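Chemist: 3D model of this:
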Amino acid sequence: AADMGDIVAVRFLGRCYGLGTGVEKNETKAVELYEKAANMGDNVAVSILGICYEYGDGVEKNETKAVELYQKAANAGNKDAVRLLGECYEFGLGVGKNETKAVELYEKAADMGDITALKSMGQCYRIGIGLKKDVNCAVEYLRKYLMAVKDSDNDNLANAWSELAECFQEQNDIPHMINAYNEALGYYSIMAKCGEKAGFAEYRMGEIREKGAVEIRDYRRAFQHYEKSLIIGYNRAAHKVAIFYEYGKGIDEDKSKAFDIVKKYSTQDDINNLILGVYYNYGIGTKKDNKSAISIYSQYLDNNNSFISVLAKFYLGICYYQGEGVPADVGTALSLFQRSNFPMSTFYINAIKDPNPENLHMLSLLYSRHSIETYYLKPDYKRAFDFSKAAYELSNRKKYQMELANIYFYGRGVKKNLQKAYTLYL
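Modeler: Next comes the predicted model:
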């Protein structure tokens, strides 16, 4: 039928080549067939062709071209293309980022009958993307999606149930929250038993057990999921396994093992390599090596993954501020912090622009009371002491005095000195 020029048949033949169904997988051949169908007037093929250009499947990646194709298909009334165009506007792929425009397109796609757009609307309302955050509206859209979806893959179903669980958590609706999390875990469990997404499914179950509500949180099981995910071949799980070893979450603490894991997988995933830099920077499980840390951070200043680039600028900014591995340069540090736009950068920006006691005190608290067990920022009592001492020397205000007294009393970041502590307490 495809040889005879049947539009739908041409598109489906392209899909067979794209997936390797019944024929040897050939993404280049698939693109050729999608282009043929598109030229014959098949708007679905135009939309699929956009996906190929967005992800670089069978053709050189070109997000701008993808947007053009999505827009063409959307203009012709293709609901999938309307939603996909919305995603481009939401994330700034091939077009200027415009979350308000993204929501408009998601809503339009949903009105046209696109079921996935219901989930997109729910996510936007849950987080407040392109509109005012409204958990009740998020629940309404996510429930509509779960009621309407019939043949969606387990990944989409699990993701929607996870989103719904977080909504119920915000509403303090514990029974519905637990049920939703269990639904999500159920779908991820099915995924984990077979298929190429098994490693990802184990990773997501690890995240739910690690970060979910207290009622379903279980660090031991979270570690087991992350470890299994890594064994299966999902390399992104390496940094999670490492962090659990670093902090002794769900497994005995072993910082050397944490370092060995991120080093082993550093060449296979950018986030693992960035964490390797952090471990060198702080001397976690290895000898402190600031030059190696700086070399790694510098690789990612303009990385395509914006989050990794943000973190790299933040870490390198600290090195320039502290003079670690490079000569201290407050001007360069300020530039990096401002370009980073990482929330914690604000503390440094404020201290550089106005090194008053309060801003230095905030930096001290950032390092001494940091309880988030993550790679974003490690507790550093030496830095906390330095900032606390500087704040007190500029002002003997009671709270700065008490903070410094506590540091001397417990010997955190400085040799324990009860005499100094008692003098400050008085």
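Chemist: can you show me the helices along the stretch 201-350 of the chain?
Modeler: Residue ranges of the helices in the stretch 201-350 of the chain, as given by DSSP state H, counting those that start in this stretch, are 219-232, 238-247, 255-264, 270-282, 290-299, 306-322, 330-340, 345-353.
Chemist: what packs against the fourth one?
Modeler: Taking 3 or more C-beta pairs under 8 Å, 6 or more residues apart in numbering; DSSP states H and E as the contact definition, the neighbouring helices and strands of helix 270-282 are helix 238-247, helix 255-264, helix 290-299, helix 306-322. The way it works is simple: take the backbone N, C-alpha and C, and place the C-beta from them, glycine included.
Chemist: now mean pLDDT and distance to residue 407 too, for those, in a markdown table please.
Modeler: Listed next are the helices and strands packed on helix 270-282 as a markdown table, based on pLDDT from 0 to 100; distance: least, C-beta to C-beta, whole Å:
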| stretch | mean pLDDT | distance to residue 407 |
| --- | --- | --- |
| helix 238-247 | 95 | 22 |
| helix 255-264 | 97 | 23 |
| helix 290-299 | 96 | 24 |
| helix 306-322 | 93 | 18 |
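Chemist: closest to residue 18 out of those?
Modeler: Closest approach to residue 18 among the helices and strands packed on helix 270-282 (C-beta to C-beta): helix 306-322, 28.4 Å.
Chemist: near the residue lying closest to residue 218 once chain neighbours are set aside, how many other residues are there?
Modeler: In space, and not counting its chain neighbours, residue 218 is closest to residue 209: 4.8 Å by C-beta to C-beta, 6 or more residues apart in numbering. By the criterion of other C-beta atoms under 10 Å, residue 209 has 22 neighbours.
Chemist: hang on, residue 209 packs against residue 221?
Modeler: Yes - when contacts are counted by C-beta atoms under 8 Å, residue 209 is listed as touching residue 221 (4.8 Å).
Chemist: give me the most central residue, the chain.
Modeler: Nearest residue to the geometric centre of the chain (C-alpha atoms, centre = their mean): residue 307, 7.0 Å.
Chemist: low-confidence regions, the stretch 101-250 of the chain specifically.
Modeler: 151-152 (pLDDT under 70).
Chemist: show me what contacts the nearest residue to residue 329 once chain neighbours are set aside?
Modeler: What sits nearest to residue 329 in space, not counting adjacent residues and going by C-beta to C-beta, 6+ apart, is residue 320, at 4.8 Å. Shown in contact with residue 320 (C-beta atoms under 8 Å, 6 or more residues apart in numbering): 326, 328, 329, 330, 332, 333, 336.
Chemist: only the buried subset of those, as a ChimeraX command please.
Modeler: Applied in ChimeraX, the following selects the buried portion of the contacts of residue 320 according to 16 or more other C-beta atoms under 10 Å:
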select :332,333,336
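Chemist: now the contacts of residue 320 in a markdown table, with distance to residue 120?
Modeler: Shown next, in a markdown table, are the contacts of residue 320 (distance: C-beta to C-beta, whole Å):
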| residue | distance to residue 120 |
| --- | --- |
| 326 | 44 |
| 328 | 46 |
| 329 | 44 |
| 330 | 43 |
| 332 | 40 |
| 333 | 39 |
| 336 | 34 |
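Chemist: nearest to residue 95, out of the contacts of residue 320: which one, please.
Modeler: Once C-beta to C-beta is applied, the member of the contacts of residue 320 that ends up nearest residue 95 is residue 336, at 27.9 Å.
Chemist: what about the residue nearest to that closest one when sequence neighbours are not counted, how many residues close to it?
Modeler: With sequence-adjacent residues excluded and distances taken as C-beta to C-beta, 6+ apart, residue 336 is closest to residue 317, at 3.5 Å. Neighbour count of residue 317, defined by other C-beta under 10 Å: 26.
Chemist: do residue 247 as well
Modeler: 15.
Chemist: for residue 137, same thing?
Modeler: The burial count for residue 137: 17, using other C-beta under 10 Å.
Chemist: that one is in contact with residue 127, isn't it?
Modeler: No - using C-beta under 8 Å, residue 137 is not in contact with residue 127; the gap is 11.8 Å.
Chemist: shared neighbours of those two, which are they?
Modeler: Contacts common to residue 137 and residue 127, judged by C-beta under 8 Å, 6+ apart, are absent.
Chemist: which parts of the lengthiest helix in the chain are buried?
Modeler: In the chain, taking DSSP state H as the definition, the longest helix is helix 174-193. Residues 177, 178, 180, 181, 183, 184, 185, 187, 188, 191, 192 are the ones in helix 174-193 that count as buried (16+ other C-beta under 10 Å).
Chemist: other SSEs contacting that helix?
Modeler: helix 154-170, helix 198-211.
Chemist: just say helix, strand or coil for residue 58.
Modeler: What DSSP: H, G, I helix; E, B strand; the rest coil gives for residue 58 is coil.
Chemist: quick one, what contacts it?
Modeler: 18, 26, 27, 28, 29, 30, 31, 52.
Chemist: again, only this time at 6 Å
Modeler: By C-beta atoms under 6 Å, 6 or more residues apart in numbering, residue 58 lies in contact with 27, 28, 30, 31, 52.
Chemist: show me which of those residues is closest to residue 235.
Modeler: residue 27 (22.8 Å).
Chemist: now the nearest residue to the closest one once chain neighbours are set aside: how far from residue 42?
Modeler: Once flanking residues are discounted, residue 27 sits nearest to residue 58: 3.1 Å by C-beta to C-beta, 6+ apart. Taking C-beta to C-beta, to the nearest Å as the measure, residue 58 falls 17 Å from residue 42.
Chemist: same check, this time on residue 106
Modeler: Relative to residue 42, and taking C-beta to C-beta, residue 106 is found at 24 Å.
Chemist: what about these two, which has more around it?
Modeler: Using other C-beta under 10 Å, the more surrounded residue of residue 106 and residue 42 is residue 106, with 30 against 22.
Chemist: now the helix or strand hosting that one: how far from the chain's centre is it?
Modeler: Residue 106 belongs to helix 99-111 when assigned by DSSP states H and E. Centre-to-centre, helix 99-111 and its host chain are 23 Å apart (C-alpha atoms, centre = their mean, to the nearest Å).
Chemist: check which residues of it are buried.
Modeler: For helix 99-111, by 16+ other C-beta under 10 Å, it's 99, 101, 102, 103, 104, 105, 106, 107, 108, 109, 110.
Chemist: what do you get for stretch 145-163?
Modeler: 145-146, 149, 152, 154-163.
Chemist: of all these, which comes closest to residue 258?
Modeler: residue 162 (27.0 Å).
Chemist: my guess is that closest one contacts residue 185. True?
Modeler: No - under the criterion of C-beta atoms under 6 Å, residue 162 makes no contact with residue 185, lying 9.0 Å away.
Chemist: can you redo the helices and strands packed on helix 174-193 as CSV with distance to residue 80?
Modeler: Below are the helices and strands packed on helix 174-193 laid out as CSV (distance: least, C-beta to C-beta, whole Å):
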stretch, distance to residue 80
helix 154-170, 14
helix 198-211, 23
